[in-house]
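Chemist: For reference, the sequence and a predicted model appear below.
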Amino acid sequence: MTTKLTLTLDNKIIETAKVYAKRNKISLSKLVEFYFKSLDADPEKQIEDLPPITRELSGIAKLETSKSDEELLKEALNKKFL
């Protein structure tokens with residue numbers, strides 16, 4: 001079931017998101033849905049859902065940082081959309 005959601009955002013952010021969505025051939029609604037899903041994502045479940053070869057390679061590279069995954073995600077999204 002889908003439900004309509006109204007968001008109020010800065011025009012520049014909306015335009016940037018529309019360009020990103022178009023470039024990646026995805027609807028703006030789907031983009032927002034993916035973001036919301038990532039907020040409550042269970043890391044163990046995410047690994048289970050990966051294709052076998054990707055799952056095998058998961059965790060090989062270590063990122064040395066004191067920042068949490070949430071902080072890194074926020075930084076990446078701000079960099080991409082702002």
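Modeler: That came through fine. Computed from a predicted model, the values in this text were never measured in an experiment.
Chemist: what residue ranges in this structure are flagged as low confidence?
Modeler: 41-48, 63 (pLDDT under 70).
Chemist: Tell me which residues touch the residue nearest the centre of it, please.
Modeler: Centroid-nearest residue in the chain: residue 35, 4.4 Å away (criterion: CA atoms, centre = their mean). Residue 35 makes contact with residue 77 under the criterion CB atoms under 8 Å, 6 or more residues apart in numbering. Placement of C-beta: from N, CA and C, glycine included.
Chemist: For residue 73, what are phi and psi?
Modeler: phi -60, psi -50 (degrees, to the nearest 10).
Chemist: Just give the closest residue to it, not the sequence neighbours.
Modeler: Excluding its sequence neighbours, the residue lying closest to residue 73 (CB to CB, 6 or more residues apart in numbering) is residue 38, at 6.9 Å.
Chemist: how many other residues sit next to that neighbour?
Modeler: By the measure other CB atoms under 10 Å, the count of residues near residue 38 is 13.
Chemist: Does residue 74 lie in a helix or a strand, and which?
Modeler: helix 69-81 (DSSP states H and E).
Chemist: Convert the C-alpha atoms of that helix to PDB, please.
Modeler: Provided in PDB are the C-alpha atoms of helix 69-81 (Å, rounded to 0.1, in the frame of the first residue of the first chain):
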ATOM      1  CA  ASP A  69      27.500   5.200   9.500                       C
ATOM      2  CA  GLU A  70      24.700   7.700  10.000                       C
ATOM      3  CA  GLU A  71      27.200  10.600  10.000                       C
ATOM      4  CA  LEU A  72      28.900   9.400   6.900                       C
ATOM      5  CA  LEU A  73      25.600   8.900   5.100                       C
ATOM      6  CA  LYS A  74      24.500  12.500   6.100                       C
ATOM      7  CA  GLU A  75      27.800  13.900   4.800                       C
ATOM      8  CA  ALA A  76      27.600  12.000   1.500                       C
ATOM      9  CA  LEU A  77      24.000  13.100   0.900                       C
ATOM     10  CA  ASN A  78      24.800  16.700   1.800                       C
ATOM     11  CA  LYS A  79      27.700  16.600  -0.600                       C
ATOM     12  CA  LYS A  80      25.600  15.100  -3.400                       C
ATOM     13  CA  PHE A  81      22.500  17.300  -2.900                       C
END
